[in-house]
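K.L.:
Need a 3D model of the sequence below.
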Amino acid sequence: MARDVSDTTPIGARSELVDWIASGEKPRETWRLGTEHEKIPFYKADASPVPYDGGRGIRALLEGLQERTGWAPIMEGDHPIGLADETGGAAISLEPGGQFELSGAPLKTLHETARETAQHLADAKAVGEKLGLGFLTLGMSPLWTRAETPVMPKARYRIMTNYMPKVGSLGLDMMYRTSTVQVNMDYGSEADMVKKLRVSLALQPVATAIFANSPFTEGRPNGYLSMRSEIWRDTDRDRTGMMAFAFEDGFGYERYVDWVLDVPMYFVKRDATYHDVAGSSFRDLFAGRHPRLPGERATRSDWANHVSTVFPEVRLKRYLEMRGADVGNLEHIVALSAFWTGLLYDETALDGAWELVKNWSAEQREQLRADVPKQALKAGIAGRSVQDIARDVLALSRAGLARRAYRDETGRDETVHLAYAEEIVASGRTPAERLLELYHGRWNGSVMPAFEEYAF
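P.N.:
Prediction:
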């Protein structure tokens, strides 16, 4: 989740909200990618969850990583809740159930992303081993009940925990038991943003299918290949989904701002205090007539924090966030970034991707989004299977990466990072299906081997 910001500059007009998003525009030569991934800590001795406190808890893990990396602590009251690399721009944060997240620095190439992720995993593993901890590479906690899952000491999460059951049946599972990977991408103009947003929204279920990796809940198959993705379908319809309005004529920054304005708020932060205003209107705060905060007017930080609490399949901030994939191992994480970088950062590939999706209707896109969590590559749209579409999309992405022509020290270009996804699509077997084969075969109906074989 996003790190909450503090900027007390008052917002005087709706146009300032539009300008805030427009300020993310960057010339092509400065486009970067930022990869984020979560992972679920566990005690190696018995595959039990890791609480925040205690000599071998999440706090101790953060403190060990602070000592190892020199990154600055991010505090909430007396609790370290993350670390910040104040030089490079990366950060470590905690999700509600203790999922440990790296928000990578904005980097130029996938080679840098692979090195950054590998270094972080090495650091986490080194500190974790001293504490007897491992980290799962699955998109959902496969064993523990919600009640068994620890709770991190972050005020915004307490507010969200109270609110989620009012707006969906699975929001608490999203918060406490899922684990994702995403990549953040730049745009050059409003028109460029719109094109990238439309392509990535339409293809987000294809990415979900390729990287499906969450088939277990509470020790058993849950009936889905990406249960994490299914959970998002019943989390909070006001702030999630496929944003059909993004495909309507005239869509741009202003239409997105109007949608976010109408998404109910979670909180307002003043100094170190989080005020629970869950379900209320940002428009009321904007107008200075919020019933729970009389006299308060919206600030820039209120807007930035509110934007971080909308969760569509692709989120627009001052960059675009691809949010559709379960986490996996190192190759899996970097392949997700490669998939989107090849498509969105090469004009020919982007044009080709738009040709693939431009005639899909809103109803077809919604049906695909509904089908993929269970069927993955076997789902279909417009008379074609997701597996066939994925082949075409990966070919476009590969060509885009080849044209970028960024090479590592051995002379390999960025297409090397796409091989993981290409093998999945060629075989037709998602990571989740391979897990299920193990469960029904060598694992003898137990998820416990995952804590050894599918851990960082």
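
K.L.:
list the buried ones in the biggest strand by length in the chain?
P.N.:
Longest among the strand segments of the chain by residue count, using DSSP state E, is strand 33-43. Neighbour-count burial for strand 33-43, with 16 or more other Cβ atoms under 10 Å as criterion, is recorded at 33-43. Glycine gets a C-beta too; all of them are placed from N, C-alpha and C.

K.L.:
Counting by contacts, list what it packs against.
P.N.:
In terms of contacts (3 or more Cβ pairs under 8 Å, 6 or more residues apart in numbering; DSSP states H and E), strand 33-43 is packed against strand 48-49, strand 100-103, helix 110-131, strand 133-136, strand 180-185, helix 330-344.

K.L.:
Can you mark which positions in the last one are buried?
P.N.:
What that stands for is helix 330-344. Those would be 330-344, for helix 330-344 by 16+ other Cβ under 10 Å.

K.L.:
if we take these, which one ends up nearest to Ala402?
P.N.:
Gly342 (8.3 Å; Cβ to Cβ).

K.L.:
surely the closest one meets Val393?
P.N.:
No: using Cβ atoms under 8 Å, Gly342 is not in contact with Val393; the gap is 9.2 Å.

K.L.:
Quick one, grab the pLDDT at Ser169.
P.N.:
In this model, Ser169 is scored at 98, pLDDT.

K.L.:
Can you tell me, leaving aside adjacent residues, what's nearest to it?
P.N.:
Asp234 (5.2 Å; Cβ to Cβ, 6 or more residues apart in numbering).

K.L.:
Residues in contact with stretch 340-357: which ones?
P.N.:
31, 33, 110, 183, 185, 195-196, 198-200, 202-203, 207, 320, 322, 389, 392-393, 396-401, 403-404, 414-415, 418 (Cβ atoms under 8 Å, 6 or more residues apart in numbering).

K.L.:
Identify the residue nearest Ala207 in space, chain neighbours excluded?
P.N.:
In space, Ala207 is closest to Gly324, 4.7 Å off (Cβ to Cβ, 6+ apart).

K.L.:
The one you found: neighbouring residues, count only.
P.N.:
29 (other Cβ atoms under 10 Å).

K.L.:
again, but for Tyr274
P.N.:
Neighbour tally, Tyr274, other Cβ under 10 Å: 20.

K.L.:
Tell me which helix or strand it sits in.
P.N.:
Element membership of Tyr274, judged by DSSP states H and E, is strand 273-276.

K.L.:
repeat for Leu61
P.N.:
In this assignment (DSSP H and E), Leu61 forms part of helix 58-69.

K.L.:
Who are the packing partners of that helix?
P.N.:
Here helix 58-69 touches strand 72-76, strand 79-84, strand 91-94, helix 110-131, going by 3+ Cβ pairs under 8 Å, 6+ apart.

K.L.:
chain center to it: distance?
P.N.:
How far helix 58-69 lies from its chain's middle: 23 Å, per Cα atoms, centre = their mean, to the nearest Å.

K.L.:
ok, and what's touching that helix?
P.N.:
Contact with helix 58-69 is made by 41, 50-54, 71-73, 79-83, 85, 92, 94, 98, 100, 123-124, 126-128, 130-131, 133, 150, 152, as judged by Cβ under 8 Å, 6+ apart.

K.L.:
Leaving out sequence neighbours, find the closest residue to Ala349.
P.N.:
Nearest non-adjacent residue to Ala349 (Cβ to Cβ, 6+ apart): Gly400, at 3.4 Å.

K.L.:
Three-state assignment for the one you found, please.
P.N.:
Recorded secondary structure, Gly400: helix (DSSP: H, G, I helix; E, B strand; the rest coil).

K.L.:
list the contacts for it?
P.N.:
Counted by Cβ under 8 Å, 6+ apart, Gly400 has contacts 341-343, 345-346, 348-350.

K.L.:
Make CSV from the residues you listed and add pLDDT to it.
P.N.:
Listed next are the contacts of Gly400 as CSV, based on pLDDT from 0 to 100:
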residue, pLDDT
Thr341, 98
Gly342, 98
Leu343, 98
Tyr345, 98
Asp346, 98
Thr348, 98
Ala349, 98
Leu350, 98
